[in-house]
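[1] make a model of this:
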Amino acid sequence: MRRFLKASLLFTGLVWYGCGSDTPTSERFSRMADAYCECTASLVRLNRQVDTAEHRHLSRYFEQIETAYEQARECMAAVIGQYGLLNDAEMDSLRHILQYRCPAVADQRDLLQELLGQ
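    Predicted coordinates for the structure are as follows:
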């Protein structure tokens, strides 16, 4: 009976510890998602403008988009420096959060991976 009680207490402790460690990971993804949305906001805005612009005005957007992209890369480099690189499973978790935070870029997996250095 004592072995069972000790094993149960050990198991409960491990489960509690495992669940408790989930919060920092979720917080990490949440902060990374917020940063990603902020870093890409001007790029998203410009892409929306290009989608509705007349063909003759497109050339003026390309330089602005290039500048916004470089700024997003620099911004995300700082985020990576703070929160680290993500593996594939973590990338999927981040994309899930992005669906709610900034859906305009959440489905752009290539952009996300590129800006996160993947």
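[2] residue contacts, residue 40?
    Residues counted as contacts of residue 40 (Cβ atoms under 8 Å, 6 or more residues apart in numbering) are 72, 102, 105, 111, 115. C-beta here means a position set from N, CA and C on the backbone, and glycine is covered the same way.
[3] can I have the buried ones of those residues as a ChimeraX selection?
    Applying 16 or more other Cβ atoms under 10 Å to the contacts of residue 40, the buried members can be selected in ChimeraX as follows:
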select :72,102,105,111,115
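[4] adding secondary structure and pLDDT, write the contacts of residue 40 out as TSV.
    Output for these, formatted as TSV (DSSP: H, G, I helix; E, B strand; the rest coil; pLDDT from 0 to 100):
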residue	secondary structure	pLDDT
72	helix	93
102	coil	89
105	helix	82
111	helix	83
115	helix	82
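[5] tell me the one among the contacts of residue 40 nearest to residue 79.
    residue 115 (8.8 Å; Cβ to Cβ).
[6] ok, now how distant is the closest residue to that closest one other than its chain neighbours from residue 88?
    The shortest distance from residue 115 to any non-neighbouring residue, by Cβ to Cβ, 6 or more residues apart in numbering, is to residue 76 (4.3 Å). Taking Cβ to Cβ, to the nearest Å as the measure, residue 76 falls 18 Å from residue 88.
[7] which one's more surrounded, the two?
    residue 76 (20 against 9; other Cβ atoms under 10 Å).
[8] please identify the helix or strand for that one.
    Residue 76 belongs to helix 58-83 when assigned by DSSP states H and E.
[9] likewise residue 96?
    Going by DSSP H and E, residue 96 is in helix 88-101.
[10] check residue 37 too.
    Going by DSSP H and E, residue 37 is part of helix 22-52.
[11] sorry, back to before: tell me which residues in the helix holding residue 96 are buried?
    In terms of neighbour count (16+ other Cβ under 10 Å), helix 88-101 has its buried residues at 90, 91, 93, 94, 95, 97, 98.
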